[in-house]
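Asker: pasting the structure only:
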């Protein structure tokens, strides 16, 4: 296109009144356009933007909803107390459909379009693994609340952190002695056929072996399966403990069919509450679980020895003593995991304050400040319990609860110690370039 | 577990799958056979049936059998009504053009699915079975309700067959399927037949869903698997052939049950898909279909 008006002609210095007006109008238009940094002249007053990668649809949708509620409650509390570095926190939510491909797109969208300071909040392990490279590429810190071992395995990258919830390898190691000592020594595992299940498949056998117990069979079930009876004949007859970690919408069927298959003559059951998060433990067909044991990150039911911080946290998020939404007893929360959102946001706050974080140009500083953290004391910011943090593997370690189903409630019967779950680091993220 | 009981369990599981699949696929096959419309939203009518079953049983309360029976009657009727409206609003306006209706039903799929997500939510919700009798075999226990699903499905299939072959409605449908223009010339209200067939197809899917929902909960994404399997069944059995659909459903259901129990569920899916490819190559009209004129 010819430059007829000499618009791009640098030699032409005289600025006509019309051109000046045009320029002004264009500038004003840009300033009111969405996404424009309106606070450019006053950096300190702009909100800190947190991109929340939420499982709003897809198989993780029940988790996504409660992760959003917990996040909203934590952000409200943080903002009421003055925000982060004196700036308010704003959460921008994008749905990833619980899908790894879309997860990566969402991370890209946060980095380039919304220009958020960090990305946060992912649960499902395959989405985390799918999204992590995008976060590393965009050099945007990615704080997940996923429970999987993939962050701590150091196979992701330096921008991925899991400071709010203990990983599966540590959970299993901490609980194995109790399982071997109190439930049984011949264990059959049933797990979903993807990353989260593989963590269990890989780390339970050695952890039990160390306690003199054995995994005698491992049954992998595709995550989209809707009927399970056909897998049960693979469970060896001598099984003492059935260890189950199913996820997804079909888990109720899983338990019901297990009940039909075994009746009252069943092996002991030990499961991860992941199977029944957001599900009423008193649903028809679940009577079968009475007397069985579950891992819980944070107890769903209020316990007699709950700390003041735990009580305040439950009230802030809006769950009653049964772990259901206040006012709607049928709306059961994902209590065992969602505390991780609350705690992660407080870790982000701490790290941003330590780093003197001002904006996206300080993301590398934020990474280093997070890596420098070592301990989180139990309290209003960490209501689930005390934690230690290993900056080399970007993973925190906390206590685990083992709960028994009794009279239609989950009662905590054993709490592990932080030391029970510590393991040798498999690598070191801090050696990677920023 | 010994081989005999293992096989028995596999066969039972396969039959339950077949029973539900036969009803769902029959609906798809009927719609294609009479209207030449490939209804991609068929699985969502299935899902709607299950979701409505949950809503109805929750609203009624009392003994689970009461709510379930009400759901068995009311849910398909509501789904049928929705399908009828969709047919009038969308498919009729496209003059049942094969390509356009595929795209339109894909749109319907997403609309129904997202409405379910908005109003019903993302949770999987259970429906209590009308009775929970556990049949105790020497080797394992089995749900009495599952066996009743097989029986109920067989009854419904026979009823559908009777309607199609022994009643005037069935005659009109078959006439429309055979040659819709001639049927119209003979005074058959083809438009109304199309509406009725589309609703009936959706109702068959909804009934299947109500039957299965006490076994696997209602969830807004539950329509995807039945849709895929129905297509497999309908292609193998021959589009528009009732007998072929039922035979293929039993074949696919049983092989799925047995192969996935003795080998792996993935292998079962591979074999089913391979079978579809084979049928398409060597007998494009399906096992029981008639070659297009």
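Answerer: Happy to help now that I have it. The structure presented is a predicted model; accordingly, all values stated were derived computationally and were not measured.

Asker: residue contacts, the residue of the stretch 51-200 of chain B found nearest chain A?
Answerer: Closest to chain A within the stretch 51-200 of chain B is residue B:122: 2.7 Å, counting by CB to the nearest CB. C-betas here are computed from N, CA, C, even on glycine. Taking CB atoms under 8 Å, 6 or more residues apart in numbering or on different chains, we find residue B:122 in contact with A:56, A:57, A:61, A:62, A:64, A:65, B:220.

Asker: now, which of these sits nearest residue B:16?
Answerer: Taking CB to CB as the measure, residue B:16 lies nearest residue B:220 of these, at 22.5 Å.

Asker: so the closest residue to that closest one other than its chain neighbours is in which element?
Answerer: Leaving aside its chain neighbours, residue B:220 sits nearest to residue B:116 (4.2 Å; criterion: CB to CB, 6 or more residues apart in numbering or on different chains). Element membership for residue B:116, per DSSP states H and E: helix B:98-119.

Asker: the contacts of residue B:122 in helices, which ones?
Answerer: A:61, A:62, A:64, A:65 (DSSP state H).

Asker: chain center to the helix or strand where residue A:129 lies: distance?
Answerer: Element membership for residue A:129, per DSSP H and E: helix A:125-138. Distance, stretch centre to chain centre, for helix A:125-138: 14 Å (CA atoms, centre = their mean, to the nearest Å).

Asker: quick one: buried residues of that helix?
Answerer: A:125, A:126, A:127, A:128, A:129, A:130, A:131, A:132, A:134, A:135, A:136, A:138 (16 or more other CB atoms under 10 Å in any protein chain shown).

Asker: coming back round to it: for the contacts of residue B:122, which one is nearest residue B:158?
Answerer: residue B:220 (31.8 Å).

Asker: check which helices and strands the helix or strand hosting residue A:270 is in contact with.
Answerer: Following DSSP H and E, the helix or strand that holds residue A:270 is strand A:268-272. Other elements packing on strand A:268-272 under the criterion 3 or more CB pairs under 8 Å, 6 or more residues apart in numbering or on different chains; DSSP states H and E are strand A:241-244, strand A:293-296.

Asker: quick one: these as a markdown table, columns for distance to chain B, mean pLDDT and mean neighbour count too.
Answerer: Output for these, formatted as a markdown table (distance: least, CB to the nearest CB, whole Å; pLDDT from 0 to 100; neighbours: other CB atoms under 10 Å in any protein chain shown):
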| stretch | distance to chain B | mean pLDDT | mean neighbour count |
| --- | --- | --- | --- |
| strand A:241-244 | 15 | 94 | 25 |
| strand A:293-296 | 18 | 95 | 23 |
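
Asker: TSV please, covering those strands and showing distance to residue A:196.
Answerer: Output for those, formatted as TSV (distance: least, CB to CB, whole Å):
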stretch	distance to residue A:196
strand A:241-244	13
strand A:293-296	13
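
Asker: of all those strands, which one is nearest residue B:112?
Answerer: Among the helices and strands packed on strand A:268-272, strand A:241-244 comes nearest to residue B:112, with 32.9 Å by CB to CB.

Asker: what sits up against the closest one?
Answerer: Residues from elsewhere that reach strand A:241-244, judged by CB under 8 Å, 6+ apart: A:179, A:183-191, A:200, A:204, A:215, A:235, A:254, A:258, A:266-272, A:275.

Asker: using PyMOL, define a selection of the buried residues within those.
Answerer: Command for PyMOL that selects the buried part of the contacts of strand A:241-244, burial taken from 16+ other CB under 10 Å:
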select buried, chain A and resi 179+183+184+186+187+188+189+190+191+200+204+215+235+254+258+266+267+268+269+270+271+272+275
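
Asker: out of the contacts of strand A:241-244, which sit inside helices?
Answerer: The helices, defined by DSSP H, take in A:179, A:200, A:204, A:254, A:258 from the contacts of strand A:241-244.

Asker: and the two most separated of those residues?
Answerer: A:179 and A:254 (19.8 Å).

Asker: which residues touch residue B:71?
Answerer: Listed by CB under 8 Å, 6+ apart, the contact set of residue B:71 reads B:52, B:53, B:56, B:57, B:127, B:210.

Asker: tell me the SS of the spatially closest residue to the second one that is not a sequence neighbour?
Answerer: When you say that, I think you mean residue B:53. What sits nearest to residue B:53 in space, not counting adjacent residues and going by CB to CB, 6+ apart, is residue B:71, at 4.0 Å. Secondary structure, DSSP: H, G, I helix; E, B strand; the rest coil: residue B:71 is helix.
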